[in-house]
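Undergrad: how would this look folded up:
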Amino acid sequence: MAVQLDACIQCNLCVRACREVQVNDVIGMAARGYREKIIFDFDDPMGASTCVACGECVQACPTGALMPATLVNATGMYTNAPDREIDSVCPYCGVGCQLTYKIKNDRIVAVKGKDGPANHNRLCVKGRFGFDYAHHPDRLTEPLIRKEGVPKHDTDIDPANPSTHFRKASWDEALDRAAAGLRHIRDRNGRRALAGFGSAKGSNEEAYLFQKLVRTGFGSNNVDHCTRLCHASSVAALMEGIGSGAVTAPFTAAQDSDVIIVIGARPTENHPVAATFFKQAAKRGAKIFVMDPRGYSLMRYATATLRFNPGRDVAMLNALLHTIIEEGLTDRQYIQAHTEDFEKLRAHIRDYSPEKMAPICGIDAATLRYVARTYARAERAIIFWGMGISQHVHGTDNARCLIALALVTGQVGRPGTGLHPLRGQNNVQGASDAGLIPMVYPDYQSVMNPEVRAKFEALWHTPLDDKTGLTVVEIMDAVHRDEIKGMYIMGENPAMSDPDVTHARAALAHLEHLVVQDIFLTETAKYADVVLPASAWPEKDGTVSNTNRQVQMGRAALPLPGNARLDWWIIQEVARRIGLGWSYTHPRDVFAEMKLAMPSLDNITWARLERESSVTYPCDAEDQPGNDIVFGDGFPTASGRGRLVPAAIIPPAEEPDADYPMVLTTGRQLEHWHTGAITRRASVLDELEPEAVASLAPAELRRLGIAAGEQVRVTTRRGTIELKARADSAVAPGQVFIPFCYAEAAANVLTNPQLDPFGKIPEYKFCAAKVEPVIVPAAAE
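TA: Next comes the predicted model:
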């Protein structure tokens with residue numbers, strides 16, 4: 001951001017944008033009279049202040065005192081005016097912010113927020129300033145084929161110069177090579193010898209085509225994507241409990257809530273625009289309860305903060321349920337009309353009093369009872385959760401407890417109430433809806449149901465596999481067992497995102513044939529036999545579905561670079577070469593077929609999305625808005641009732657001991673996204689957070705004899721990485737937090753691949769670790 005306060009007219013729009021819209025409270029007015037001026041914090045330079053670079057002030061400023069630095073020259077003059085604008089959707093998190101690309105000479109020069117239903121003009125630092133990745137010199141612009149004799153274990157490749165290991169090829173040669181290898185394995189070893197990973201960062205249409213290719217072309221259900229690594233356990237519990245894997249209310253419902261629970265989520269970092277609605281609710285007077293082992297900025301707005309012991313979620317949540325049920329705070333009429341198995345839950349919960357659970361979860365009984373009573377007595381209460389809930393071996397049990405809390409108190413189906421797992425990537429909801437899951441077809445229709453299978457066989461004109469496919473981690477294990485011999489990976493990066501990535505990378509290297517479709521030579525693409533250069537989000541038309549169930553239109557803003565191609569076109573060309581007679585001409589053709597397969601898209605058409613940009617599902621009519629709040633009159637289960645499922649305390653798969661005395665947890669940073677393939681190539685974002693860090697409590701650093709900024713070695717039973725130490729008082733003693741976006745210090749070298757038995761999700765949020773100083777030998781004089 002370019003700051004030129006000599007142009008400031010003290011209109012206070014930036015102050016209001018910071019305080020009232022984003023609720024960050026960084027910008028204010030100081031002094032009086034002619035000395036009055038805008039300041040950041042205590043008159044700090046913007047870069048040294050607590051500013052999170054959301055850019056809301058830039059968008060509000062009417063004079064140019066605050067401007068995107070990309071639009072001015074070195075002297076601050078406005079010299080880079082865009083020549084056109086295109087409306088689209090942000091490519092990062094599941095919030096689904098609508099935005100407008102400002103383009104000059106076919107390059108994005110700035111981004112502004114648009115008044116979409118999820119963001120109302122707001123953006124975060126990634127959405128507003130993390131756009132130049134599309135123009136990065138590392139972009140893949142030509143198909144690549146691995147050179148003869150170059151071993152797959154040799155991954156010392158410069159992404160800007162892959163010619164050391166790959167040679168350029170024509171599209172025909174690359175597609176023929178890609179398809180021939182897949183077809184050969186299928187015909188020789190059978191249909192279950194192939195697998196595919198689709199992408200949650202592409203469009204709904206691409207996700208639908210990819211899963212259809214695997215099911216009809218490969219012949220099995222071995223297809224998955226990153227939902228397996230983020231909210232698979234949440235979806236498993238929601239499908240079991242209420243018959244739907246999507247949210248029951250949007251995050252904007254917080255505006256109508258009296259009580260808001262945020263557990264195992266860090267929305268100020270991972271869903272910053274959603275967090276603005278929570279902070280606004282707190283300023284309005286709503287009570288917020290933040291539950292997380294690690295501290296973060298939303299706690300400033302919390303009525304109470306529950307920093308419970310890592311991995312002890314079920315103990316804490318069962319204590320809340322015990323209080324509500326034993327003290328008669330349930331909604332008896334709602335339970336009688338809309339739930340089943342309440343007596344089983346009541347009997348189970350008797351042994352989980354707050355007094356018994358307090359030593360286990362680390363939260364005193366009085367606080368547990370206060371939170372339970374406040375939530376149960378609220379007229380309107382809502383629960384938000386993130387991967388701190390789902391990424392455990394007991395993740396499904398965690399979500400079962402949250403569902404039970406909402407059902408026994410009747411906090412579902414009304415404005416300001418509900419259950420909302422904050423979805424991670426920009427289209428993880430849509431990709432899941434479109435069927436990128438090994439056990440269900442589009443719209444979560446079971447592959448094991450003969451009637452459902454017959455319907456899709458008729459739609460796709462081919463017999464389908466009657467067995468569920470393998471999940472992400474199971475596929476890697478099957479590669480090591482020589483059961484899976486070929487893979488097609490589109491826009492996923494398991495060499496960074498899988499748990500125990502040493503194991504995953506060995507599997508990728510072991511594959512007989514690997515086809516990777518991506519925009520950069522990712523860590524995964526380095527293992528490929530064929531690399532297909534794809535389209536970045538600003539280069540394509542297509543729909544995405546955000547965490548609020550809002551289906552939104554993304555529009556192409558840029559031409560494809562070099563010889564790159566649109567993803568849907570690439571998928572179709574591979575499909576044709578393995579024997580499928582596809583003839584789609586545009587994503588709208590794919591969307592039309594999706595509507596035949598997915599009742600959730602009823603009354604939502606491509607033309608309507610082009611006109612309105614966003615429609616929420618389910619939608620009752622083409623001239624009616626979608627339903628933000630659902631399940632007010634029952635649930636889409638066999639009985640029409642929500643099922644209450646008791647959950648027992650299950651310890652983490654690996655506990656600290658004398659050799660590994662600390663707890664490691666991993667996650668994201670505000671400035672970087674997922675495996676960093678995009679954000680680390682966005683110049684502003686990488687400048688803000690350029691290197692890998694391990695965050696530890698200051699007291700822990702003192703105990704270890706380590707100064708902030710020094711190199712440390714973090715080790716688990718699976719591997720070791722070295723990175724810089726960062727002092728962070730939000731991290732409790734005995735814990736260490738590492739973001740997983742840095743390839744040079746990949747956190748998932750360390751993580752535990754043990755799976756939740758229901759959601760098949762790995763335990764990223766808890767494993768035993770040790771931290772040691774790295775002794776740097778003194779330089780010889």
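Undergrad: can you give me the strands for the stretch 401-550 of the chain?
TA: For the stretch 401-550 of the chain, the strands defined by DSSP state E, counting those that start in this stretch occupy 418-421, 440-441, 445-446, 486-490, 513-518, 530-533, 542-545, 550-554.
Undergrad: if you count contacts, what does the last one end up packed against?
TA: Using 3 or more CB pairs under 8 Å, 6 or more residues apart in numbering; DSSP states H and E as the contact test, the elements touching strand 550-554 are strand 84-89, strand 542-545, helix 606-612, strand 614-616. Just so you know, the C-beta spots here come from the backbone N, C-alpha and C atoms, and that holds for glycine as well.
Undergrad: show me the shaky parts of the stretch 251-400 of the chain.
TA: For the stretch 251-400 of the chain, no stretch has pLDDT under 70.
Undergrad: any idea which strand is longest in the chain?
TA: Looking across the chain with DSSP state E, the single longest strand is strand 719-727.
Undergrad: name every strand pairing with that one and say which way it goes.
TA: Strand 719-727 pairs in its sheet with strand 693-696 (parallel), strand 711-716 (antiparallel), by DSSP bridges.
Undergrad: got the CA coordinates for it in PDB?
TA: Extracted in PDB, the C-alpha atoms of strand 719-727 (Å, rounded to 0.1, in the frame of the first residue of the first chain):
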ATOM      1  CA  GLY A 719      11.400 -37.100  10.300                       C
ATOM      2  CA  THR A 720      13.300 -33.900  11.100                       C
ATOM      3  CA  ILE A 721      13.300 -30.400   9.700                       C
ATOM      4  CA  GLU A 722      15.200 -27.200  10.500                       C
ATOM      5  CA  LEU A 723      13.800 -23.700  10.600                       C
ATOM      6  CA  LYS A 724      13.800 -20.500  12.500                       C
ATOM      7  CA  ALA A 725      12.300 -20.100  16.000                       C
ATOM      8  CA  ARG A 726       9.600 -17.400  16.500                       C
ATOM      9  CA  ALA A 727       8.500 -16.300  19.900                       C
END
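Undergrad: for the following helix or strand past that strand, which outside residues touch it?
TA: If you walk from strand 719-727 toward the C-terminus, the next helix or strand you reach (DSSP states H and E) is strand 735-739. Identification of contacts with strand 735-739 by CB atoms under 8 Å, 6 or more residues apart in numbering yields 293-294, 310, 662-669, 672, 692-697, 700, 714, 721, 723, 728, 731, 745, 747, 750, 769, 771.
Undergrad: then stretch 691-705?
TA: Contacts for stretch 691-705 (CB under 8 Å, 6+ apart): 706-708, 712, 714, 721, 723-739, 742, 744-745, 771-773.
Undergrad: are any of those residues buried, and which?
TA: Among those, those classed as buried by 16 or more other CB atoms under 10 Å are 706, 712, 714, 721, 723, 725-728, 730-732, 734-739, 742, 745, 771.
Undergrad: so, low pLDDT: which residues of the protein?
TA: Residues of the chain that meet the cut-off, pLDDT under 70, sit at 776-781.
Undergrad: which SSE is E269 in?
TA: Going by DSSP H and E, E269 is in helix 267-270.
Undergrad: and the next helix or strand after that helix, what other elements does it pack with?
TA: With elements assigned by DSSP H and E, the helix or strand that comes after helix 267-270 is helix 272-284. Counting contacts by 3+ CB pairs under 8 Å, 6+ apart, helix 272-284 is packed against strand 259-263, helix 267-270, strand 287-291.
Undergrad: about what we covered before: residues in contact with the helix holding E269?
TA: Here helix 267-270 has contacts from 52, 93, 274-275, 278, 296-298, 384, 386, 422, 424, 667-670, using CB under 8 Å, 6+ apart.
Undergrad: most neighbours, which of these?
TA: A274 (31 neighbours; other CB atoms under 10 Å).
Undergrad: next one: it from A699, what distance?
TA: 32 Å (CB to CB, to the nearest Å).
Undergrad: go on, D224?
TA: Distance, D224 to A699, using CB to CB: 41 Å.
Undergrad: more neighbours: those two, which one.
TA: Set side by side, D224 and A699 show more neighbours around D224, with 29 against 13, by other CB under 10 Å.
Undergrad: and the helices in the stretch 151-300 of the chain?
TA: 171-189, 204-213, 232-242, 267-270, 272-284 (DSSP state H, counting those that start in this stretch).
Undergrad: ranking those helices by burial, who's on top?
TA: helix 204-213 (a mean of 29; mean count of other CB atoms under 10 Å).
Undergrad: hey, what's the angle from that one to strand 513-518? Just curious.
TA: Angle, helix 204-213 to strand 513-518, by axes from the mean of the first three to the mean of the last three CA atoms, to 10 degrees: 170 degrees.
Undergrad: for helix 204-213, packing partners?
TA: Looks like helix 204-213 contacts strand 194-197, helix 428-433, strand 486-490, strand 542-545, helix 567-577, helix 587-597 (3+ CB pairs under 8 Å, 6+ apart).
Undergrad: what does that helix contact?
TA: 196, 198-200, 223, 225, 427, 430-431, 433-437, 442, 460, 488, 490, 542-545, 551, 567-568, 571-572, 574-575, 578, 580, 584, 587, 590-591, 593-594, 597.
Undergrad: and what about L560, helix, strand or coil?
TA: Three-state assignment for L560 (DSSP: H, G, I helix; E, B strand; the rest coil): coil.
Undergrad: does it touch L566 like I think?
TA: Yes - contact criterion CB atoms under 8 Å: L560 and L566 qualify, at 7.2 Å.
Undergrad: count of residues packed around L66?
TA: Neighbours of L66 (other CB under 10 Å): 26.
Undergrad: cool, the one 3 residues further on as well?
TA: Neighbouring residues of A69 were enumerated by other CB under 10 Å; the total is 15.
Undergrad: with R702 instead?
TA: So R702, with other CB under 10 Å, has 13 neighbours.
Undergrad: helix or strand for it, just tell me which one.
TA: helix 698-704.
Undergrad: for that helix, which positions count as buried?
TA: Within helix 698-704, the residues scored as buried using 16+ other CB under 10 Å are 700-701, 704.
Undergrad: kindly reformat those as JSON lines containing distance to A365.
TA: Shown next, in JSON lines, are these (distance: CB to CB, whole Å):
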{"residue": "E700", "distance to A365": "28"}
{"residue": "L701", "distance to A365": "33"}
{"residue": "L704", "distance to A365": "33"}
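Undergrad: so which of the helices and strands packed on strand 550-554 is the most surrounded?
TA: strand 542-545 comes out most buried of the helices and strands packed on strand 550-554 by mean count of other CB under 10 Å, with a mean of 29.
Undergrad: ok, it: who's next to it in the sheet?
TA: Using DSSP bridges, the strands paired with strand 542-545 in its sheet are strand 550-554 (antiparallel).
Undergrad: surely A178 touches V531?
TA: No - applying CB under 8 Å as the test, A178 and V531 come out as separate, 9.2 Å apart.
Undergrad: number of nearby residues for the spatially closest residue to A179 that is not a sequence neighbour?
TA: Leaving out its chain neighbours, the residue that sits closest to A179 by CB to CB, 6 or more residues apart in numbering is R577, at 3.3 Å. Per other CB under 10 Å, the neighbour tally for R577 reads 18.
Undergrad: my guess is R577 contacts D176. True?
TA: Yes - here R577 reaches D176: they are 6.4 Å apart, a contact under CB under 8 Å.
Undergrad: show me the contacts for the spatially closest residue to M476 that is not a sequence neighbour.
TA: Spatial nearest neighbour of M476, excluding adjacent residues (CB to CB, 6+ apart): A507 at 4.3 Å. Under the criterion of CB under 8 Å, 6+ apart, the contact list for A507 reads 476-477, 479-480.
Undergrad: since that was my last question, I'll sign off now.
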